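[1] Please work out how this folds:
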Amino acid sequence: MTETETPGGRGPRVFAPDDPNIVSDIAHPTDEELSAIGEPSPAAKARGASVGGLFVSAVTALVGLSLAVSFASFVSAALAREDWIGWTATSLVIVAAGSGLVIVGRELIGLLRLRRLARLKRDADAALRTKDTALERKTVAALSATFRGRRDLAWNLARLRDHAGDVRDPGDLLRLADREVLAPLDASARRLVLKSAKRVSVVTAMSPMVWVAMGYVMVENLRLLRGLATLYGGRPGGLGALRLARMVLTHLVATGGVAMTDDLLGQFLGQDLLRRLSRRLGEGVFNGALTARIGTAAIEVTRPIPFLDTEPIRVRDLLPELLRRGAAKD
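    Presented below is the predicted three-dimensional model:
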């Protein structure tokens with residue numbers, strides 16, 4: 001370092017750039033600040049994502065609009081013709097409109113029937129809770145009207161009418177309807193659930209692809225729900241089946257039924273049975289047990305009156321048959 005004196009006692013000085021004694025007034029950015037400078041802000045990211053989503057939405061809307069306009073132009077041009085193309089287009093439009101109205105009507109009727117079953121169950125619970133004999137007789141009369149025209153229940157409804165006049169105590173009329181009318185339906189519902197659970201178990205165990213098995217399980221469960229609702233007087237359509245599925249899932253979540261099925265199946269399969277069953281067969285039995293649990297929950301949801309004198313259908317009563325079938329196939 002060299003120094004040249006000036007009249008004021010200080011002069012220019014020469015120093016090294018890395019001298020630790022040098023103090024600078026310029027604030028250097030930290031590593032965090034440098035990394036933040038190179039990255040866009042969350043607001044900028046959000047604006048970029050929203051603009052991209054807006055672009056995709058606009059393009060999709062344009063494609064859909066063009067397809068709709070093309071279809072409308074084609075139909076209009078076909079209907080305006082006076083030859084066989086015009087007459088064919090007119091006939092197809094009439095058929096499509098008529099079938100669409102029929103589908104909408106069936107869906108509405110199915111939803112109303114499901115609502116009627118739910119109302120019957122609420123009235124039955126209220127009659128039992130308050131011991132209201134007038135409401136009880138009204139509920140049983142509505143139940144008989146629901147099953148009127150069912151040839152398989154004609155004899156049961158006749159017995160209910162013959163013995164209804166002998167009932168005096170509150171709650172006995174509902175118990176009579178439970179024994180005479182709903183007990184045979186419960187036996188049929190049990191067979192439906194067991195058959196569906198067995199089909200799910202077999203298909204899951206034999207399916208080479210998991211997606212095929214999952215699709216079949218979904219379709220089979222929806223078919224089971226519709227079958228049970230039809231058995232108890234509901235007869236829902238597509239939207240009714242979806243609404244029923246939501247009601248069943250809500251019931252399962254409220255009662256903890258899925259966890260109970262898992263624990264119960266573990267008790268059965270944990271006792272040396274998994275060592276004898278193959279992995280795929282064990283998955284099939286498990287899926288069958290879940291289908292059986294969904295079926296029993298659907299019975300509780302769609303049954304017009306609660307279980308009184310008859311025993312409710314439980315998964316533990318269906319699992320031994322599924323396990324015996326799985327052991328026999330092994």
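
[2] what's the strand or helix carrying Val69 packed up against?
    Assigned by DSSP states H and E, Val69 belongs to helix 42-80. If contacts are counted by 3 or more CB pairs under 8 Å, 6 or more residues apart in numbering; DSSP states H and E, helix 42-80 sits against helix 84-130. (C-beta placed from N, C-alpha, C; glycine too.)

[3] now the angle from the helix it packs on to helix 42-80?
    Using axes from the mean of the first three to the mean of the last three CA atoms, to 10 degrees, the interaxial angle of helix 84-130 with respect to helix 42-80 works out to 120 degrees.

[4] list the buried ones in the next helix or strand after helix 84-130?
    Per DSSP H and E, the first helix or strand lying C-terminal to helix 84-130 is helix 133-146. By 16 or more other CB atoms under 10 Å, the buried positions in helix 133-146 come out as 133, 135-136, 139-140, 143-144, 146.

[5] list the helices and strands helix 133-146 packs on?
    helix 84-130, helix 154-164, helix 172-177.

[6] Contacts for the second one, please.
    Helix 154-164 is touched from outside by 137, 140, 144, 147-148, 150, 173, 176-177, 180-181, 184, with contacts defined as CB atoms under 8 Å, 6 or more residues apart in numbering.

[7] any idea which element Arg148 lies in?
    Counting by DSSP H and E, Arg148 is found in no helix or strand.

[8] which residues touch stretch 73-85?
    Residues contacting stretch 73-85 (CB under 8 Å, 6+ apart): 86, 88-90, 93.

[9] follow-up on the earlier one: just the contacts of helix 154-164 now: which is nearest Leu128?
    Leu173 (10.5 Å; CB to CB).

[10] which residues in the stretch 201-330 of the chain form helices?
    Ranges of helices in the stretch 201-330 of the chain, per DSSP state H, counting those that start in this stretch, are 210-231, 238-255, 257-269, 273-276, 279-302, 315-329.

[11] what's the least confident stretch among the ones you listed?
    Mean pLDDT is lowest for helix 273-276 among those, at a mean of 50.

[12] OK, contacts around Ile294?
    Applying CB under 8 Å, 6+ apart, the residues near Ile294 are 221, 224-225, 248, 252.

[13] Go again with 10 Å.
    Contact analysis of Ile294 by CB atoms under 10 Å, 6 or more residues apart in numbering lists 193, 196-197, 200, 217, 220-221, 224-225, 228, 245, 248-249, 251-252, 257-258, 261, 315.

[14] Over to Gly86?
    77-80.

[15] Tabulate those (a markdown table), appending distance to Trp155, pLDDT and neighbour count.
    Output for the contacts of Gly86, formatted as a markdown table (distance: CB to CB, whole Å; pLDDT from 0 to 100; neighbours: other CB atoms under 10 Å):
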| residue | distance to Trp155 | pLDDT | neighbour count |
| --- | --- | --- | --- |
| Ala77 | 61 | 84 | 12 |
| Ala78 | 56 | 81 | 17 |
| Leu79 | 55 | 81 | 14 |
| Ala80 | 60 | 82 | 10 |
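
[16] Would you reformat these as TSV and include distance to Pro306?
    Converted to TSV, these look like this (distance: CB to CB, whole Å):
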residue	distance to Pro306
Ala77	60
Ala78	57
Leu79	56
Ala80	61
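
[17] and which of the residues you listed is nearest Leu114?
    Closest approach between those and Leu114, by CB to CB: Leu79, at 38.7 Å.

[18] on that earlier part again, just say which of the helices and strands packed on helix 133-146 is most tucked in.
    Across those, averaging neighbours per residue (mean count of other CB atoms under 10 Å) puts helix 172-177 on top, at a mean of 21.

[19] who does that one touch, helix- and strand-wise?
    helix 84-130, helix 133-146, helix 154-164 (3 or more CB pairs under 10 Å, 6 or more residues apart in numbering; DSSP states H and E).

[20] Can you say which of these is nearest to Ile299?
    Closest to Ile299 of the helices and strands packed on helix 172-177 is helix 84-130 (CB to CB; 11.7 Å).

[21] quick one, that closest one and helix 210-231 angle?
    70 degrees.

[22] now helix 84-130 and helix 279-302, what's the angle there?
    Orientation check (the same axes, to 10 degrees): helix 84-130 against helix 279-302 gives 70 degrees.

[23] Now do Gly240 against Ala78, distance only.
    35 Å (CB to CB, to the nearest Å).

[24] do Ser66 as well
    Ser66 is 18 Å from Ala78, by CB to CB.

[25] now do Val59
    Following CB to CB, the distance that separates Val59 from Ala78 is 29 Å.

[26] Under the pLDDT cut-off, which ranges of the stretch 101-250 of the chain? List them.
    The model of the stretch 101-250 of the chain has no residue with pLDDT under 70.
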